[in-house]
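Participant: sharing a sequence plus its predicted fold:
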Amino acid sequence: MKTCKSSHLDSGVEAEAQCRSGTGCVVKCSSERMENAAKRRLAANARERRRMQGLNTAFDRLRKVVPQWGQDKKLSKYETLQMALSYIMALTRILAEAERYSSEREWISLHCEHFHADSYQHYPAQKPSADSDPYSQRVFSYHPEHFQIAN
DNA sequence: TAGGCCATCTGGTCCT
DNA sequence: AGGACCAGATGGCCTA
């Protein structure tokens, strides 16, 4: 834990100007300023906590819609972002391919022949595992080593 | 025990 | 002025 450096945070110039009349008052006002600074710091901490919780909620929602290929361990934040990127790119590619074919039927038969007819009714909530679904492996796959940080 | 991941605190900067 | 956002520091927890 870092040490508290809040003594200089409070800019209470007005309060200081009003309180030069006596040492007791100066002490009182400076302790009030310290108190206010501490209160504001605590409020800022709480806001930051809420903000980060909101961010984590968003990450959880993203994890739910991004393929996880049967991993029992949840994706880290970094992995989630990379997976989302990869997923979006794969979907974009599929859409672009679809545009190249004159009819939807032709495109569906090209891409979805391995699905049962029933599968077209609803998107399955369960994501297919890469092991059991070579098609998914072909169309979309995430390999962490593909995402090197570009310098 | 080292390394990865995460939550929290903190101070700085930007925006309204 | 105050809130939002950001990045650095720090400590806790978990796993290989």
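Facilitator: Happy to help now that I have it.
Participant: which one of the residues in chain A is closest to DNA strand C?
Facilitator: Per C-beta to the nearest atom of the strand, A:R47 is where chain A lies closest to DNA strand C, at 4.1 Å. All C-beta atoms are positioned from the backbone trio N, CA, C, and that covers glycine.
Participant: remind me, longest helix of chain A?
Facilitator: Secondary structure assigned by DSSP state H gives helix A:23-65 as the longest helix of chain A.
Participant: which elements pack onto the helix or strand following that one?
Facilitator: Later in the chain than helix A:23-65, the nearest helix or strand by DSSP states H and E is helix A:77-100. Secondary-structure packing of helix A:77-100 (3 or more C-beta pairs under 8 Å, 6 or more residues apart in numbering; DSSP states H and E): helix A:23-65, helix A:104-111.
Participant: try 7 Å this time
Facilitator: Helix A:77-100 makes packing contacts with helix A:23-65 when contacts are defined by 3 or more C-beta pairs under 7 Å, 6 or more residues apart in numbering; DSSP states H and E.
Participant: does the helix it packs on reach DNA strand B?
Facilitator: Yes. Helix A:23-65 reaches DNA strand B (C-beta under 7 Å from any atom of the strand) through A:R41, A:L42, A:A44, A:N45, A:A46, A:E48, A:R49, A:M52, A:Q53, A:N56.
Participant: give the rounded mean pLDDT of that helix.
Facilitator: Mean pLDDT, helix A:23-65: 81.
Participant: nearest residue to A:A84 in space, please, no chain neighbours.
Facilitator: Spatial nearest neighbour of A:A84, excluding adjacent residues (C-beta to C-beta, 6 or more residues apart in numbering): A:V66 at 5.2 Å.
Participant: now do the contacts for the one you found.
Facilitator: Remark: with contacts taken as C-beta atoms under 7 Å, 6 or more residues apart in numbering, A:V66 is in contact with A:T80, A:M83, A:A84, A:Y87.
Participant: neighbours of the last one, just the number please.
Facilitator: Read it as A:Y87. 16 (other C-beta atoms under 10 Å).
Participant: gap between it and A:W69?
Facilitator: 11 Å (C-beta to C-beta, to the nearest Å).
Participant: and the first one, by the same measure?
Facilitator: Note on A:T80: its distance to A:W69, by C-beta to C-beta, is 13 Å.
Participant: same question for A:I108.
Facilitator: Taking C-beta to C-beta as the measure, A:I108 and A:W69 are separated by 24 Å.
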